[in-house]
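> coordinates for the following, if possible.
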Amino acid sequence: MIKAKFFRDNNDAVYKFEIKGHAGYDEYGKDIVCAAVAAVTQTAVLGIENLPTVEISKKIHDGDMVVYVKNNGDARDSIKVTAIIETMILGLKDIERVYPEYIKISDRRC
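Next comes the predicted model:
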């Protein structure tokens, strides 16, 4: 099962997210749930990385991803990073709705 965890600060902004595990929907190379999750999350990270004033750190190993938003950037980029992350969460929640036995989302407000 894939576990996606989102951690929010007191202002409701996501400052960290983790995507870990394998769906197990099908064999490696044919797993549409893993492919969908990878496409959504990796595209979001690419979008964030292209914002000039936003600073993140990421660790990707064996399909697991941990991303820290170290600096939301200036006012314009901060709005964009929030939109990208919230859209990623919507996409992952839709995958979870269709394949609930293969992906679990948790959204934690700290």
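> can you pull out the low-pLDDT segments for this structure?
Applying pLDDT under 70 to the chain picks out residues 110.
> which residue is nearest the middle of this structure?
Centroid check for the chain by CA atoms, centre = their mean gives T41 as the closest residue, at 4.7 Å.
> and the most far-flung residue of the chain relative to its centre, what does it touch?
Within the chain, the residue lying farthest from the chain centre (CA atoms, centre = their mean) is E27, at 22.8 Å. Listed by CB atoms under 8 Å, 6 or more residues apart in numbering, E27 has no contact partners. The way it works is simple: take the backbone N, C-alpha and C, and place the C-beta from them, glycine included.
> and it, its phi and psi?
Phi and psi for E27, reported as degrees, to the nearest 10, are phi -70, psi 160.
> tell me which residues of the longest helix seen in the chain are tucked away?
Scanning the chain for the helix with the most residues, using DSSP state H, yields helix 75-98. By neighbour count on 16 or more other CB atoms under 10 Å, the buried set for helix 75-98 is 77-78, 80-81, 84-85, 88-89, 91-92, 95-96.
> what about the closest residue to M88 other than its chain neighbours, which helix or strand?
Excluding the flanking residues, the one nearest M88 by CB to CB, 6 or more residues apart in numbering is A44, at 3.8 Å. Secondary structure from DSSP states H and E places A44 in helix 32-49.
> how about that helix as CSV, C-alpha atoms only?
Below are the C-alpha coordinates for helix 32-49, written out as CSV (Å, rounded to 0.1, in the frame of the first residue of the first chain):
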residue,chain,number,x,y,z
ILE,A,32,-1.3,1.7,-12.8
VAL,A,33,-1.8,2.9,-9.2
CYS,A,34,1.9,3.4,-8.7
ALA,A,35,2.2,5.0,-12.1
ALA,A,36,-0.6,7.4,-11.3
VAL,A,37,0.8,8.4,-7.9
ALA,A,38,4.3,8.9,-9.4
ALA,A,39,3.0,11.0,-12.2
VAL,A,40,1.0,13.3,-9.9
THR,A,41,3.7,13.7,-7.2
GLN,A,42,6.7,14.0,-9.5
THR,A,43,4.9,16.6,-11.7
ALA,A,44,4.0,18.6,-8.6
VAL,A,45,7.6,18.5,-7.4
LEU,A,46,8.8,19.7,-10.8
GLY,A,47,6.4,22.6,-10.7
ILE,A,48,7.6,23.6,-7.2
GLU,A,49,11.2,23.3,-8.2
